[in-house]
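**Student:** Any chance you can model this:
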Amino acid sequence: MSDRKTALITGASFGIGLEFARIFAREGYNLVLVARSADKLRQVASELEKTHGTRSLILAADLTEPGAPAYVLDQTTRADIQVDVLVNNAGFGQYGLFAENDLEECLRQIQLNVTTLTHLTRLYLPAMIERKSGRILNVASTAAFQPGPLMAVYFATKAYVLHLSEALANELSGTGVTVTCLCPGATATEFHKRAKATGMNLLKFGSMDAHTVAEDGYRALMAGKPVVIPGFKNWLLAQSVRFSPRRLVTAIARKTQEQQGVERRASPPVQTNFN
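**Tutor:** Numbering: from 1, shown residues only. Now for the predicted structure:
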C-alpha cells in the first residue's frame, strides 16, 4: 500500500472513528478501516481517496465476535500491511439497570470494549516493539474515572481501558512504542440519535463534537502522552472525583443519568456510545 505509514482504526464508519480516519488521511497515512458496515466503509474510503489520495483496506467485521481480531490480523498480513498506528476506537454502552439489561448485550459490551481491544493490542504490539516504532491509541471515556450506575458495565469497561493503557505506557517506556488513552466526555455522534439517548443529563452537561475530540486525541498520540481528556469541563470532572468520597461520586454519577429513567421504563434499554 505504498511507502506511506498505515493506521488501523476500529469503529471507523461514524463518530470519532470516522474523524480519526479523516485526520490520518489528511496527515498522509494509508488506512485499514474496520467496522460492521461494508457500504459505509466504502463511502469513507472513496471520500478519503478523492480528497487525500489515501488507500484503504476495508474490513467489514463484527468486533463483538471472538474471532474478529485474528481475522483482522490475518487480512493485514495477507495484504502485507505494516500497521504503524493502532486506534482501538470501537465500543458501545447500554443504558438501564444491570439486573434488567439483556445479558447477551452485557457480554457483547465486555467483548468489544475490553477483550477485542486487548486482543488487537496484543496482536500488533510485538511487531511494533521489534521495529522500535509504533503508536497505539485506546479510546476510553471520562466514565473511566468513576462508577456508573445505570451504565454499570460500560463505565467498568472504560476503567479497564484506562488502567491497561497507563500500565502499557509504563512498560513500553524506552521501546520507541507509545500508548495513549483518550478519555472524552459526552460526544455528539450519530449513535446518540439512533439510540434516543440525546436527552441524558450527561449530554446536557455539555457535549463536544467528534472532530474536536479526535483532533485532541491525535495530537496527544503524536506527542506520546499517556492520557488525554479533551475539554476543560471534562478534565475538571475527571479530576474532581479523585478528591471526593466514593459514595458521593457514585451518587452524582447516578444523578447525571436519571433523565433517561422515564424512557427506560417505557421502552427497552437503549445503547449509546460515549466514544
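**Student:** Beta-bridge partners for L33, please?
**Tutor:** I9, I58 (DSSP bridges).
**Student:** That one - how many residues pack around it?
**Tutor:** 28 (other C-beta atoms under 10 Å). The C-beta positions use only the backbone N, C-alpha and C, and glycine is treated the same way.
**Student:** who's in contact with it?
**Tutor:** 9, 12-13, 21, 41, 44-45, 56-59 (C-beta atoms under 8 Å, 6 or more residues apart in numbering).
**Student:** Would you map the helices across the protein?
**Tutor:** Per DSSP state H, the chain has helices spanning 15-26, 38-52, 68-78, 103-110, 117-131, 152-171, 190-195, 201-204, 210-223, 232-240, 246-257, 261-266. These are given in chain order.
**Student:** ok, how many other residues are close to G17?
**Tutor:** 28.
**Student:** for E166, same thing?
**Tutor:** Neighbour tally, E166, other C-beta under 10 Å: 15.
**Student:** what does K50 give?
**Tutor:** 9.
**Student:** Then the one 5 residues further on?
**Tutor:** R55 has 17 neighbouring residues, counting by other C-beta under 10 Å.
**Student:** cool, E171 as well?
**Tutor:** Neighbours of E171 using other C-beta under 10 Å come to 13.
**Student:** Throw the helices of the chain into TSV and include distance to V139, thanks.
**Tutor:** Below are these laid out as TSV (distance: least, C-beta to C-beta, whole Å):
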stretch	distance to V139
helix 15-26	7
helix 38-52	18
helix 68-78	16
helix 103-110	14
helix 117-131	9
helix 152-171	7
helix 190-195	13
helix 201-204	17
helix 210-223	7
helix 232-240	14
helix 246-257	20
helix 261-266	26
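**Student:** returning to that earlier point: farthest pair within the contacts of L33?
**Tutor:** S13 and L57 (14.3 Å; C-beta to C-beta).
**Student:** So which of those two has more stuff around it?
**Tutor:** Using other C-beta under 10 Å as the criterion, S13 and L57 rank with S13 on top: 24 against 20.
**Student:** what residues are up against the more buried one?
**Tutor:** 33, 35-37, 40-41, 44.
**Student:** And those residues, which is closest to H163?
**Tutor:** For these, the nearest to H163 is A35 (26.1 Å; C-beta to C-beta).
**Student:** And the pLDDT for the closest one?
**Tutor:** Note on A35: pLDDT of 98.
**Student:** That one and G224, how far apart?
**Tutor:** 27 Å (C-beta to C-beta, to the nearest Å).
**Student:** Those two: which has the busier surroundings?
**Tutor:** Shown here are A35 and G224; by other C-beta under 10 Å, A35 has more neighbours (25 against 14).
**Student:** centre of the chain versus stretch 129-141, how much separation?
**Tutor:** 14 Å (C-alpha atoms, centre = their mean, to the nearest Å).
**Student:** er, stretch 161-175 I mean
**Tutor:** 17 Å.
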